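# Quick one: sequence and predicted model below, then my questions.
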Amino acid sequence: MTDPARLLRLGITGTDTGVGKTVVSCALAARARQLGLRVAAMKPLESGVEARAADADAMRLVAACGGHLDPALVRPYLLREPLAPWVAAEREGVRIDLTRLDAARASLEQEQDLLIVEGAGGLLVPITDALSYDGLFASWHCELIIVAANRLGVLNHTRLTLLAARAAGLAVRAVVLTALHDGADDVAQASNADALRWLCPDVPLYQFPHVSAILDLAVLAAAAEASGLDALLRPADPTILQGRDTLRLQPSRTS
């Protein structure tokens, strides 16, 4: 049996879809294995992919964890259309059974040090008409990592996600700012990291580089190490996470 006191659960959410959640999740899993940690991962619901497609998020997570995990547990629900899980399930006539998700999680995390749970899209994407990923991560006691794409709009999207996380009572471990291309930064891309550090001073910010070889686990692990993500693979000091003020909410000053 896994000792609940030493198991770390990380919930990976995004500020939007297509921001690099799976890349960061796989990088964390691959790096954790390099460090000798026993790691499992989940994509509780995935939509719009073929079951055994190698580039499907769940199958990439299976590979990043060493290839031994049961895909049916890693991804309890596979839905046909590329839509939010609740919408895709409704259109397909599928009922999302939350006890099935709980059972898959409990089975996966046995004898593990780390469980990585990757969401779909953003934090408030609905799983059912009554539950979104914020509620799932809260019920599973996941520490939250917010993956944000370094592009125009990320300041607003990140701050909104942090507000939603706080409202759900989630402990936010970090924001990971991902580079979506390997070229010169525009003005927004060059300034976003400093702006986020100022606006969200109590949430650690990590910058993750563009990785073209997204299926190369050694490359992903090296990127995680170089970005300082090793710090996220250890349980956080609960006194740091408790009552964290994540945003500067005072009115803007005018000259």
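Good, I have the coordinates.
# Which parts of the stretch 151-255 of the chain are strands?
For the stretch 151-255 of the chain, the strands defined by DSSP state E, counting those that start in this stretch cover 172-178, 205-208.
# Including mean neighbour count, could the ones you listed go into CSV?
C-beta here means a position set from N, CA and C on the backbone, and glycine is covered the same way. Formatted as CSV, these follow (neighbours: other CB atoms under 10 Å):
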stretch, mean neighbour count
strand 172-178, 24
strand 205-208, 20
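# which one of the ones you listed lies closest to Leu28?
Nearest of the strands of the stretch 151-255 of the chain to Leu28, taken as CB to CB: strand 172-178 at 9.3 Å.
# List the strands paired with the closest one, with their directions.
Strand 172-178 pairs in its sheet with strand 143-149 (parallel), strand 205-208 (parallel), by DSSP bridges.
# what mean pLDDT does the last one have?
Put plainly, it is strand 205-208. Strand 205-208 shows a mean pLDDT of 98.
# Surely Pro44 and Pro76 touch.
Yes - using CB atoms under 8 Å, Pro44 is in contact with Pro76, at 6.0 Å.
# so what sits against both of the two?
Shared contacts of Pro44 and Pro76, defined by CB atoms under 8 Å, 6 or more residues apart in numbering, are found at 101, 104.
# Compare these two and say which one has the larger neighbour count.
Between Pro44 and Pro76, counted using other CB atoms under 10 Å, Pro44 has the larger neighbour count: 26 against 22.
# residues in contact with the more buried one?
Contacts of Pro44 by CB under 8 Å, 6+ apart are 75-77, 101, 104-105, 117, 119, 127, 136.
# Next SSE downstream of the longest strand seen in the chain?
Criterion DSSP state E: the longest strand present in the chain is strand 114-122. Using DSSP states H and E, the helix or strand that directly follows strand 114-122 along the chain is helix 133-139.
# List the contacts of that next one.
11, 13, 44, 101, 117, 119-120, 122-125, 127, 144, 164-165, 167-170.
# Of those, keep whichever come out buried.
With burial judged by 16 or more other CB atoms under 10 Å, the buried subset of those is 11, 13, 44, 101, 117, 119-120, 122-125, 127, 144, 164-165, 168, 170.
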